[in-house]
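In: Model the following, please.
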Amino acid sequence: GAPQPPVFSLVEALGRLSADAAGLQADETLDARYFNELAAAGFERHVWTVNNPAAARRFVAFGVDSITTDVPGALRKALISGEE
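Out: Sure thing, here's the model as predicted:
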């Protein structure tokens with residue numbers, strides 16, 4: 001996917017828009033620091049589209065508020081059971 005904007009730019013833009021959340025395309029450039037800075041600025045954090053259980057576990061560990069997926073049943077089962 002396209003690179004994410006620097007978190008400070010995103011926080012600034014969200015503030016100008018009076019937004020309460022950020023919806024981000026899930027990719028490898030997003031890390032815990034990125035999500036922590038969004039949370040510290042008071043924004044919910046949402047990612048899309050995550051179909052891989054390992055990627056979903058990574059985003060859950062980052063504390064995202066929601067994950068959009070094409071396979072909700074399978075992903076939920078994998079997260080609960082720890083299976084791939």
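In: contacts and neighbour counts: CA atoms only from here.
Out: OK.
In: May I see the buried residues of stretch 49-67?
Out: 49-51, 53-54, 56-57, 59, 62-65, 67 (16 or more other C-alpha atoms under 10 Å).
In: next one: stretch 32-52
Out: 34-36, 38-39, 43-51.
In: could those residues go into TSV alongside pLDDT and secondary structure?
Out: Formatted as TSV, the buried residues of stretch 32-52 follow (pLDDT from 0 to 100; DSSP: H, G, I helix; E, B strand; the rest coil):
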residue	pLDDT	secondary structure
Y34	95	helix
F35	97	helix
N36	96	helix
L38	97	helix
A39	97	helix
F43	98	coil
E44	98	strand
R45	98	strand
H46	98	strand
V47	98	strand
W48	97	strand
T49	98	coil
V50	98	coil
N51	97	coil
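In: Looking at the buried residues of stretch 49-67, which are in helices?
Out: Cross-referencing the buried residues of stretch 49-67 against helices under DSSP state H gives 53-54, 56-57, 59.
In: and the end-to-end length of stretch 28-43?
Out: End-to-end distance of stretch 28-43: 20 Å, with C-alpha to C-alpha, to the nearest Å as the criterion.
In: Residues in contact with stretch 43-54: which ones?
Out: 19-26, 35, 38-39, 56, 59, 63-71, 75, 78-79, 83-84 (C-alpha atoms under 8 Å, 6 or more residues apart in numbering).
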